[in-house]
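1. Sequence plus the predicted model coming up.
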Amino acid sequence: MKNIFVLPWQFYLPIAVVLIGCFLALYLIVINNLSAKDVTFSFVVLFSASVMFFLNVCFGLKDEQKIDNFYVHLTLDSGQVVDVLSHSEGKSRFVVFNRDEVSRSCDDVLKNFLKDGKVVIPEGYESVRGRLDSCLQFYMRNMVIGHLIDVLPDWDINEENFRGSRQVSYRNGDVDKKEGVFYSRQKIDDLFGNKYFNYSLLDAHLFNSGIVLPPKTVVSLRDNNIIFDNPFFNLELQFFFASGATLGTPVLYDSGKLSLLVGGENSCLNIDSKIVARVLYKKLNAGNFDRDKYTKWVDAVLSGLRKGFDLK
């Protein structure tokens, strides 16, 4: 019911102006000219159209919601490196080239899972688990944003296809505010509080200097969730981790099935996790001609996350 009857505040003023105009026309013109059938009929049409406009706004414009889940398998090896298990050709390059440095920022916690050169589940695991989750949250949000900077540096990438080749061009710096919003690596560091983990995206193995987002997009961090918000949509990326952890060697079959071989010499710590993407397309711009461009960017983000972090 909320999506039907609660209107965005921007709608109330024009609706109020239309209704007040109708009542003023009724009081000042129509009542004094009731015998003028053309005037009376025109007012009835005008008032009926105003009512239809109000009803169409209430019932025709609705928020649209979409939820997508991406299951991610994390491993911790004897080198105290957290990795995303994936045999996908599209596995995130950012993860591959930066997992060591990001993991090193969590050494104080990860060292609890190492004994005599082997990965173990320590005694008092429950007391360490809260700190481990904080590190995994830090790890995943940096991996996700780093991956997006790498594969989707500009929300409006220009692609031209030629015979046997494709040319791609994009912006990667400050842009006109009507064309996008640029978030530099330094700005994202400050937003994520990376300095508290002694880590910086400025030191990452990454070609692009930041990411150009759709116009009026604001990025925020709330309860460890990454939020992209603008007049067209609200995209929230949440990270969840299974409470348990298992020692074993992960084996991923061609079918996509994952098995753990328990007791091997090269056993690692295995933690199941998932990224939950919640998208809210706002009713305020439900019929805007530019909405398709924004929807296309959201779809590209979700597709990029699936390719970069999926098992297979």
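-> Everything's here; your move.
2. residues contacting the residue nearest to P214 when sequence neighbours are not counted?
-> Spatially, and ignoring its direct neighbours in sequence, P214 is nearest to W155 (5.0 Å; CB to CB, 6 or more residues apart in numbering). The C-beta positions use only the backbone N, C-alpha and C, and glycine is treated the same way. The neighbours of W155, taking CB atoms under 8 Å, 6 or more residues apart in numbering as the test, are 180, 212-214, 297.
3. Keep only those of those residues that are in helices.
-> For the contacts of W155, membership in helices holds for W297, with DSSP state H as the criterion.
4. Of the contacts of W155, which is the most crowded?
-> For the contacts of W155, the largest number of neighbours (other CB atoms under 10 Å) sits with V212, at 25 neighbours.
5. report the longest helix in this structure, please.
-> helix 125-151.
6. any residues touching the helix or strand L237 falls within, and which ones?
-> Under the criterion DSSP states H and E, the helix or strand holding L237 is strand 233-241. Strand 233-241 has contacts (CB under 8 Å, 6+ apart) with 74, 133, 136-137, 140-141, 144, 224-229, 271-282, 294-295, 298, 301, 305.
7. you'd agree A242 is up against L269?
-> No. With contact defined as CB atoms under 8 Å, A242 does not count as touching L269 (11.8 Å).
8. picking that back up, pull up the pairing partners for the strand holding L237, direction included.
-> Paired neighbours of strand 233-241 in the sheet (DSSP bridges): strand 225-229 (antiparallel), strand 268-281 (antiparallel).
9. Next, the angle helix 125-151 makes with the longest one.
-> An angle of 60 degrees separates the directions of strand 268-281 and helix 125-151 when computed by axes from the mean of the first three to the mean of the last three CA atoms, to 10 degrees.
10. Might you calculate how far strand 268-281 sits from the centre of the chain?
-> In terms of CA atoms, centre = their mean, to the nearest Å, the gap separating the centre of strand 268-281 from the centre of its chain is 12 Å.
11. What mean pLDDT does it get?
-> Across strand 268-281, pLDDT averages out at 93.
12. Any stretches of the chain with poor pLDDT?
-> The chain contains residues with pLDDT under 70 at 1-12, 55-61, 256.
13. Would you state the strands of it in chain order?
-> Listed in chain order, the strands of the chain (DSSP state E) span residues 64-76, 82-84, 114-115, 118-119, 158-162, 165-169, 181-184, 210-213, 218-222, 225-229, 233-241, 246-252, 258-261, 268-281.
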